[in-house]
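Colleague: structure for the following, please:
(4 chains)
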Number of protein chains: 2
Amino acid sequence: MAKINDNGTLREANCSEELMAMRDSLEVLGGKWKLMILRFLTNRSHQVIYFKKMQREIDGISAKMLSKELKDLEANLLILREIQDTRPITVAYSITEYGKSVLPVTETLVQWGLNHREKIIISMTK
Amino acid sequence: MAKINDNGTLREANCSEELMAMRDSLEVLGGKWKLMILRFLTNRSHQVIYFKKMQREIDGISAKMLSKELKDLEANLLILREIQDTRPITVAYSITEYGKSVLPVTETLVQWGLNHREKIIISMTK
DNA sequence: GCTATCAGTTAACTAAAGGTTACCAGTAAC
DNA sequence: GTTACTGGTAACCTTTAGTTAACTGATAGC
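Modeller: Residues are numbered from 1 along each chain as shown, chains lettered A, B, ... in the order given. Here you go, the predicted model:
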């Protein structure tokens, strides 16, 4: 693959680096649920969020998937897991400072989703 | 699901709407390749891009997946497909104006990926 | 005539992601 | 004693993603 264009710039090399960076992001944040969970915990960072509460409020997620995704996110230092000494035992999940760095990603996705829905509604009423 | 919090705000309703918008985005843009393809075509919007060229330059994609993803993206009006009257016949793909609206999404993902790689390198050298 | 290029498609297959159901232990209310 | 809540796990199943190799048909170069 060429690293220098006809005009002498490094555009293709930069492009490839960009695509690699995006692939990295998608590896950590990709899949059906991870960004949803991060957004949910960011929105509720002023509350204490338990496993069952998340399962009830994130539409359609199963205990298995929630459990797996939370483990992945914790391993990547994006969320914090704290076992509370209550009866019955509860486990509190919260977003970390690093997890908050994902906010711009979810924000652009929320904005694009809202805009896309509007576009679809407009194209249907025409 | 409650629509009004203890303090009388509509926070949970807003949160749910946000998550729905994000789910919409992920339905159209999700998966391993769609955002990569859109980013690639945006970066190269000053060039004419053919099928084989994309297959060679987007690392790891097969003809079958590229063909399928391009169809999906075209159906969502994000890219344009034009058959050129050349010998042999070539097919040019380009980003649409609407497709360019995805740029903020890929941009935040590229930035986050670069930052994440740096964080990982730092944590390894410690 | 042989080989290569273009843009794919098709079939047959494996791998990964995600969903469903049942189940566990501990505790607390009825 | 029964039910219900907590936070999960294990086994199984389905769906989606992805791979590989063979093939199309027109055309151009050697």
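Colleague: just the pLDDT for the residue nearest to A:Thr42 when sequence neighbours are not counted.
Modeller: Distances taken as C-beta to C-beta, 6 or more residues apart in numbering or on different chains place A:Ile95 nearest to A:Thr42, at 5.2 Å, with adjacent residues excluded. Every C-beta, even on glycine, is put in place using the N, C-alpha and C of the backbone. Looking at A:Ile95, its pLDDT stands at 98.
Colleague: go on, A:Glu17?
Modeller: So, for A:Glu17, pLDDT stands at 87.
Colleague: helix or strand for it, which one?
Modeller: helix A:11-29 (DSSP states H and E).
Colleague: and the gap between A:Met54 and DNA strand C?
Modeller: For A:Met54, the distance to DNA strand C (C-beta to the nearest atom of the strand, to the nearest Å) stands at 14 Å.
Colleague: is it true that that residue touches A:Phe40?
Modeller: Yes: applying C-beta atoms under 8 Å, one finds A:Met54 in contact with A:Phe40, separated by 6.7 Å.
Colleague: more neighbours: the two, which one.
Modeller: A:Phe40 (25 against 20; other C-beta atoms under 10 Å in any protein chain shown).
Colleague: now do the contacts for the nearest residue to that one once chain neighbours are set aside.
Modeller: Nearest residue to A:Phe40, sequence neighbours excluded (C-beta to C-beta, 6+ apart): A:Ile58, at 5.8 Å. Applying C-beta atoms under 8 Å, 6 or more residues apart in numbering or on different chains to A:Ile58 gives the contacts A:33, A:36-37, A:40, A:66, B:19.
Colleague: in a markdown table, list those residues along with distance to DNA strand D.
Modeller: Formatted as a markdown table, these follow (distance: C-beta to the nearest atom of the strand, whole Å):
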| residue | distance to DNA strand D |
| --- | --- |
| A:Trp33 | 14 |
| A:Met36 | 16 |
| A:Ile37 | 13 |
| A:Phe40 | 15 |
| A:Leu66 | 8 |
| B:Leu19 | 20 |
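Colleague: quick check, the helix holding A:Glu17 touching chain B?
Modeller: Yes: interface with chain B: helix A:11-29 contributes A:11-12, A:15-16, A:18-26, A:28-29 (C-beta under 8 Å from any C-beta of the partner chain).
Colleague: need the mean per-residue confidence for stretch A:37-52.
Modeller: What stretch A:37-52 shows for mean pLDDT is 95.
Colleague: compute the first-to-last residue distance for it.
Modeller: Taking C-alpha to C-alpha, to the nearest Å, stretch A:37-52 runs 13 Å from one end to the other.
Colleague: also stretch A:44-63?
Modeller: 20 Å.
Colleague: so which bits of that stretch are buried?
Modeller: By 16 or more other C-beta atoms under 10 Å in any protein chain shown, the buried positions in stretch A:44-63 come out as A:44, A:49, A:51, A:53-54, A:57-58, A:61.
Colleague: now flag whichever of these is closest to A:His116.
Modeller: Of all the buried residues of stretch A:44-63, A:His116 sits closest to A:Ile58, with 20.8 Å by C-beta to C-beta.
Colleague: look up phi and psi at that closest one.
Modeller: Dihedral pair for A:Ile58: phi -90, psi 110, per degrees, to the nearest 10.
Colleague: now it: how far from B:Gly30?
Modeller: Note on A:Ile58: its distance to B:Gly30, by C-beta to C-beta, to the nearest Å, is 16 Å.
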